[in-house]
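S.K.: Sequence and predicted structure, then a few things I'm wondering about:
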Amino acid sequence: MAFDSLTEKLQNVFKNLRSKGRLTEDDVKAALKEVRMALLEADVNFKVVKGFVKDVQERAIGQDVMNGLNPGQMVIKIVNEEMVKLMGETITEISLQPGSTTTVIMMVGLQGAGKTTTAAKLAGKFKAKGKKPLLVACDIYRPAAITQLEINGQKQGVDVFSLGDKVKPPQIAKEAVEYAAKNGYNLVIFDTAGRLHIDEEMMAELKEIKAAVTVHQTILVADAMTGQDAVNVASNFNEQIGIDGVIITKLDGDTRGGAALSIRAVTGCPIIYAGMGEKLSDLEEFHPDRMASRILGMGDILTLIEKVEADIDDERARQMTEKIKKAQFDFDDYLESMQQMKNMGGLASIMGMMPGLGGMGGGKMPNMDTDEGEKRMARMEAMIYSMTPKERQNPDILNPSRKQRIARGAGVELGEVNRMIKQFNESKKMMKKLPGMMGGKGGKKGRFNFPF
């Protein structure tokens, strides 16, 4: 995740604080000096860092903290609260027009930020909420932009309005709104053109679109990987055309993540969604409190639960639970559990949301390097696919000659096949002993098995 490096540095600072029975003012100042460096290295805006550290220090050197039973934890709590405040203390949603009135959203941003894909992701989100969205192709300059929008719209089951690349965007926008009104669409999303950098021509075109139709929400799509540039872009767009919110993309990538911590503070515009992957479903509501927890290595169990609820079919989960209770869990089920993990973003993504494992998604946890874990899972899949249907459904028949054949088919050593079968059997025994983890009396969700 974007904040892996920052998380690791902050955890080291806090580890030192926890080890102290009492804190002096010098202890707090020394720790916050390290926090300041970590934030600056994460590409957080320097003015934001200065204000953040000042606010934390003022609270942290108060008597309640210095004389508390666990002052180190109190400092961490204050850092967490100030980080939430920095990113916006409440969840912000895109404001829709009341009743059946059509809401018009204009997506803006630089080229390469993921605007076209994000427009389709957003349309899918609102369609799932009962809206009837219409995507509008207003990018007539970038080669294949219209085709990309049409393909993504088709995948989402959302209609796309296009007049080709010969009609000016303001006219396209005007005709699209008229078309939506006549055909019962209650949400219109403009995918506008971006540039490699901000220029007057691009800004003028966006202003012309706003003059041609009533735009209810202007949403900036900002690339987290551009760091401070994303903040500068947000400020520029806000000053020139006005923006109502930000969707920050590529937060799953190898980036320092400073933009997410800076945009709200610098522009006053809330972050509404975060793009966490390339799939059209990889768009998460931005929860400042959950993001702060992830950054500080406290995990994000609520988002993990939501991912489970979205990706795990209740009936299939119930069937799998029953199979496990009756010791009928086989390699087909094991294969399915690996697919479930992939659907939820993979091992690194899940680890990043587990309390105590934040910042370890990059392979920093002893004995559980996630890169190696992903490779091992791929080899396990290959071994299972090398089995016959009968062998998958009845692992007990796997004798030495069958194992040799499976090893050859998967391109691995025989020992790895044996280890995988042993791990499968141990997992099967563990899950049989822990039915509560699999959705027994303990609760509705959580009924899945990950092949860790």
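M.R.: The structure has been received and is ready for your questions.
S.K.: Any stretches of this protein with poor pLDDT?
M.R.: 1-5, 18-23, 62-72, 252-257, 297-328, 341-373, 430-452 (pLDDT under 70).
S.K.: Can you pull up the most central residue in it?
M.R.: The C-alpha lying nearest the average C-alpha coordinate of the chain belongs to residue 276 (CA atoms, centre = their mean; 3.1 Å).
S.K.: Surely that one is in contact with residue 286?
M.R.: No: with contacts defined as CB atoms under 8 Å, residue 276 does not count as touching residue 286, sitting 10.3 Å away. Bear in mind the C-beta positions are built from the backbone N, C-alpha and C, glycine included.
S.K.: Identify the residues contacting whichever strand or helix holds residue 149?
M.R.: Element membership for residue 149 (DSSP states H and E) is helix 145-156. Residues outside helix 145-156 that contact it (CB atoms under 8 Å, 6 or more residues apart in numbering) are 116-117, 119-121, 123-124, 127, 135, 137, 139-140, 159-160, 162, 164-165, 191, 193, 280.
S.K.: And stretch 391-400, by the same measure?
M.R.: Here stretch 391-400 has contacts from 330, 331, 332, 335, 384, 387, 390, 402, 406, 421, 424, 425, using CB under 8 Å, 6+ apart.
S.K.: re the thing from before, and after the helix holding residue 149, which helix or strand comes next?
M.R.: strand 159-161.
S.K.: That next one pairs with which strands, and in what direction?
M.R.: Applying DSSP bridges, strand 159-161 is found paired with strand 133-138 (parallel).
S.K.: could you measure the closest residue to residue 292 other than its chain neighbours against residue 403, distance?
M.R.: The shortest distance from residue 292 to any non-neighbouring residue, by CB to CB, 6 or more residues apart in numbering, is to residue 83 (4.1 Å). Per CB to CB, to the nearest Å, residue 83 is found 51 Å from residue 403.
S.K.: The helix or strand encompassing the residue nearest to residue 292 packs against which elements?
M.R.: Using DSSP H and E, residue 83 sits in helix 71-87. For helix 71-87, the contact count by 3 or more CB pairs under 8 Å, 6 or more residues apart in numbering; DSSP states H and E identifies helix 4-18, helix 25-41, helix 46-60, helix 63-66, helix 258-267, helix 288-295 as packing neighbours.
S.K.: Would you mind giving the contacts of stretch 391-400 as JSON lines with distance to residue 263 and neighbour count added?
M.R.: Converted to JSON lines, those look like this (distance: CB to CB, whole Å; neighbours: other CB atoms under 10 Å):
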{"residue": "330", "distance to residue 263": "48", "neighbour count": "18"}
{"residue": "331", "distance to residue 263": "47", "neighbour count": "22"}
{"residue": "332", "distance to residue 263": "46", "neighbour count": "14"}
{"residue": "335", "distance to residue 263": "41", "neighbour count": "17"}
{"residue": "384", "distance to residue 263": "44", "neighbour count": "20"}
{"residue": "387", "distance to residue 263": "50", "neighbour count": "23"}
{"residue": "390", "distance to residue 263": "56", "neighbour count": "9"}
{"residue": "402", "distance to residue 263": "57", "neighbour count": "16"}
{"residue": "406", "distance to residue 263": "51", "neighbour count": "24"}
{"residue": "421", "distance to residue 263": "50", "neighbour count": "16"}
{"residue": "424", "distance to residue 263": "46", "neighbour count": "20"}
{"residue": "425", "distance to residue 263": "50", "neighbour count": "12"}
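S.K.: contacting residues for residue 124?
M.R.: 156, 157, 158, 280, 281, 283.
S.K.: again, but for residue 92
M.R.: Counted by CB under 8 Å, 6+ apart, residue 92 has contacts 245, 270, 271, 272, 286.
S.K.: By neighbours, which of those residues wins?
M.R.: Within the contacts of residue 92, most neighbours by other CB atoms under 10 Å means residue 271, with 28 neighbours.
S.K.: Leaving out sequence neighbours, find the closest residue to it.
M.R.: Counting by CB to CB, 6+ apart, the nearest residue to residue 271 once its immediate chain neighbours are dropped is residue 286, at 4.4 Å.
S.K.: just to revisit the earlier point, got JSON lines for the contacts of stretch 391-400, with distance to residue 36 and secondary structure too?
M.R.: Below are the contacts of stretch 391-400 laid out as JSON lines (distance: CB to CB, whole Å; DSSP: H, G, I helix; E, B strand; the rest coil):
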{"residue": "330", "distance to residue 36": "54", "secondary structure": "coil"}
{"residue": "331", "distance to residue 36": "52", "secondary structure": "helix"}
{"residue": "332", "distance to residue 36": "53", "secondary structure": "helix"}
{"residue": "335", "distance to residue 36": "48", "secondary structure": "helix"}
{"residue": "384", "distance to residue 36": "49", "secondary structure": "helix"}
{"residue": "387", "distance to residue 36": "55", "secondary structure": "coil"}
{"residue": "390", "distance to residue 36": "62", "secondary structure": "helix"}
{"residue": "402", "distance to residue 36": "60", "secondary structure": "helix"}
{"residue": "406", "distance to residue 36": "55", "secondary structure": "helix"}
{"residue": "421", "distance to residue 36": "51", "secondary structure": "helix"}
{"residue": "424", "distance to residue 36": "48", "secondary structure": "helix"}
{"residue": "425", "distance to residue 36": "51", "secondary structure": "helix"}
